[in-house]
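Student: Sequence and computational prediction follow.
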Amino acid sequence: MEIGSLIEYLKRETTVNALEKSVEHAQIVQECVKTLDLGLQTLLEDKNVENSHELFHKVDLLERDADTLRRKILRHISRGELNPSVRQNLTHLIKRMDDVANCCTGVARRINTIPMRFWEESSKETIDIILDMMKTTVECVQFLDKLVIDLIGKRKHVKDYAKQINQFEHAVDLLNIKLRKNLQETNYTVNYFTIFTAGNVFDILEAISDSIEAVADYIMVLLV
């Protein structure tokens, strides 16, 4: 094998290995979203504060695992003989997927500080909307690893997966608007900082699906 051909082979191998690890990274990110969903159900439906805190802590640990793998992938990319634009594209892809896990941790950490009184004063409709937002986000994130796997493979379904993600993200947006209207119809007696913290949680909760959509949009750009 000529030297030039060998270098091109190593370039391809480095890229494929990084993408294969990216699938593992996407799966950890998915687990973050699913565990957050379970934590919210445990808190808002079962009203089991202790168990919900354990699940929210697990989200934090999963995000840490995703961070560790992200660093490993980036080290792998930096050591490989890659075209600078390829290296930059892979780096951006990993960063966008990591943003999803970061949003999950943002919700998990902040929601632990909200007193149970806030949820007790919230209407059933409010609780249902929050759980629907999270359920729709879980449906959205289930396409994350499929996107990366298809990007490595024959790239036959990337557009379809991206379209599905766009639709779920839009559904979350509509639920978020509905939630905001519903919250303003409730007379809360909790202090203003609790209201502020809850609003911040809902902002980040909605941003999870935005981050998933950002991954899909970036993969579409890579295809072009």
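Tutor: Happy to help now that I have it. Numbering: from 1, shown residues only.
Student: Can you show me the strands along the protein?
Tutor: In the chain, no segments count as strands under DSSP state E.
Student: Low-confidence ranges, this protein, go.
Tutor: Counting by pLDDT under 70, the chain contains low-confidence ranges at 1-15, 80-82, 224.
Student: Grab the nearest non-local neighbour of the residue nearest in space to the middle of it.
Tutor: With distances taken as Cα atoms, centre = their mean, residue 100 lies nearest the centre of the chain, 2.6 Å away. Take residue 100 and drop its neighbours on the chain: the residue closest to it by Cβ to Cβ, 6 or more residues apart in numbering is residue 211, 4.4 Å away. For every residue, glycine as well, the C-beta is placed using N, CA and C.
Student: can you pull the contacts of that neighbour?
Tutor: 96, 99-100, 102-103 (Cβ atoms under 8 Å, 6 or more residues apart in numbering).
Student: if you set the cut-off to 10 Å instead, what comes out?
Tutor: 29, 96-104, 137, 140-141, 144, 169, 204 (Cβ atoms under 10 Å, 6 or more residues apart in numbering).
Student: ok, it to residue 172 distance?
Tutor: Distance, residue 211 to residue 172, by Cβ to Cβ, to the nearest Å: 11 Å.
Student: if I pick the closest residue to residue 24 other than its chain neighbours, what's in contact with it?
Tutor: Spatial nearest neighbour of residue 24, chain neighbours left out: residue 69 (6.4 Å); criterion: Cβ to Cβ, 6+ apart. Applying Cβ under 10 Å, 6+ apart to residue 69 gives the contacts 21-22, 24-25, 27-29, 94, 98.
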